[in-house]
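**Q** predicted coordinates and the sequence they were generated for:
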Amino acid sequence: MHVRALVGERHPLSSPSALTRAGQYLADAFRRAGLDVSFHTFDALGGTYRNVIGVRPGAQPADPAWILAAHYDTVPGSPGADDNASGLAVMLEVAQALQASTLRAPVHFVGFCLEEEDLLGSRAYAAHLRAKQHGVSGAIVLECVGCCRSEAGSQQVPPGVPIAVPTTGDFLAIVGNAASRVIVEGLEQAATRRVPELKTVPLLVPGNGEMLPDIRRSDHAAFWDAGYPAVMLTDTANFRNPHYHRPTDTEETLDFLFMERVVQALTVALQQLAGTSSS
């Protein structure tokens with residue numbers, strides 16, 4: 001349902017009304033999931049844009065928050081099913097799934113605007129968090145999580161990746177830096193133990209990934225640069241998906257079973273990271 005509602009070009013210049021509608025859809029969906037909704041506004045590209053925030057308070061509200069995020073804009077000319085309606089849908093399903101849990105720490109669900117414009121939305125938000133000295137335990141960013149392929153040779157590898165990567169594109173990549181090791185390990189363990197059908201490939205990079213620019217192409221990099229731990233979950237985008245940034249990035253190309261497994265693993269991981277007991 002979420003994917004179908006969100007698919008369609010959502011660009012600040014070529015389709016601004018659709019971009020606004022997508023942001024409002026997220027706000028409404030957050031409210032239906034029982035979250036407290038607010039907007040972080042920022043100026044860019046000669047206009048004012050909004051990051052959409054849904055907050056689930058924790059039993060210990062003073063604890064640093066966990067962030068689960070995905071961007072809601074697209075490039076011009078693409079309906080953006082994998083990039084990034086898939087990430088938005090997974091985020092919304094996790095928010096709904098966590099309603100049955102009592103969390104110790106707050107969890108902030110964020111829809112970022114203008115990711116495709118040099119991460120302008122997440123950079124503005126991370127700078128805001130830093131300026132206000134808000135505590136953040138870590139951010140998990142969903143970036144293209146709907147493409148799963150079973151053909152041999154369907155997975156390509158970004159130049160310079162220092163680990164062996166499967167040549168079949170049927171796994172979820174978990175990308176973090178050294179400061180994010182605990183999050184990477186928590187996500188991998190949750191998938192391995194609770195959703196063994198979901199194959200994962202973890203990657204830890206030094207520093208803020210400066211030596212591997214291809215793995216900095218999403219909103220997690222804004223958190224790295226602001227000094228916060230952050231992880232990207234991804235199907236590796238153009239290194240697997242032939243429809244990336246094209247008019248053919250449509251709902252029909254997505255693997256919804258793969259996405260559901262990501263929801264399951266991520267829900268368990270957040271319960272463990274944020275601290276929870278079932279209510």
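**A** Yes, it's here.

**Q** gap between the two ends of stretch 234-243?
**A** 15 Å (CA to CA, to the nearest Å).

**Q** oh sorry, the question was meant for stretch 31-40
**A** Distance between the two ends of stretch 31-40: 16 Å, counting by CA to CA.

**Q** buried stuff in that stretch?
**A** For stretch 31-40, burial by neighbour count (16 or more other CB atoms under 10 Å) applies to 33, 35, 37, 40. For every residue, glycine as well, the C-beta is placed using N, CA and C.

**Q** JSON lines please, covering those and showing pLDDT.
**A** Shown next, in JSON lines, are the buried residues of stretch 31-40 (pLDDT from 0 to 100):
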{"residue": "Ala33", "pLDDT": "97"}
{"residue": "Leu35", "pLDDT": "98"}
{"residue": "Val37", "pLDDT": "98"}
{"residue": "His40", "pLDDT": "98"}
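
**Q** between these, which sits nearest His245?
**A** For the buried residues of stretch 31-40, the closest approach to His245 (CB to CB) belongs to His40, at 26.0 Å.

**Q** quick one: low-confidence residue ranges for the stretch 151-279 of the chain.
**A** Where the stretch 151-279 of the chain drops to pLDDT under 70, the residues are 276-279.

**Q** any chance you could map the helices in the stretch 101-250 of the chain?
**A** Assigned by DSSP state H, counting those that start in this stretch, the stretch 101-250 of the chain shows helices spanning 120-132, 181-194, 220-225.

**Q** return the most buried member of those.
**A** Most buried of the helices of the stretch 101-250 of the chain, by mean neighbour count (mean count of other CB atoms under 10 Å): helix 220-225, with a mean of 26.

**Q** that one packs against which elements?
**A** When contacts are defined as 3 or more CB pairs under 8 Å, 6 or more residues apart in numbering; DSSP states H and E, helix 220-225 packs onto helix 120-132, strand 136-143, strand 171-177, strand 230-234.

**Q** related to what we said a few turns ago, so which of the buried residues of stretch 31-40 belong to strands?
**A** 37, 40 (DSSP state E).

**Q** quick check, nearest of the buried residues of stretch 31-40 to Ala221?
**A** His40 (18.0 Å).

**Q** show me the beta-bridge partners of the closest one.
**A** Beta bridges link His40 to Asn51 when assigned by DSSP bridges.

**Q** residues touching it, list them.
**A** With contact set as CB atoms under 8 Å, 6 or more residues apart in numbering, His40 has these partners: 50-51, 53, 124-125, 128.

**Q** report the buried residues of stretch 141-157.
**A** 141-149, 154-155.

**Q** most widely separated two among those?
**A** Distance extremes for the buried residues of stretch 141-157: the farthest pair is Val141 and Ser154 at 23.6 Å, using CB to CB.

**Q** circling back: can you check which of the helices of the stretch 101-250 of the chain gets nearest to Ala59?
**A** Across the helices of the stretch 101-250 of the chain, Ala59 has its closest neighbour in helix 181-194 (19.4 Å, CB to CB).
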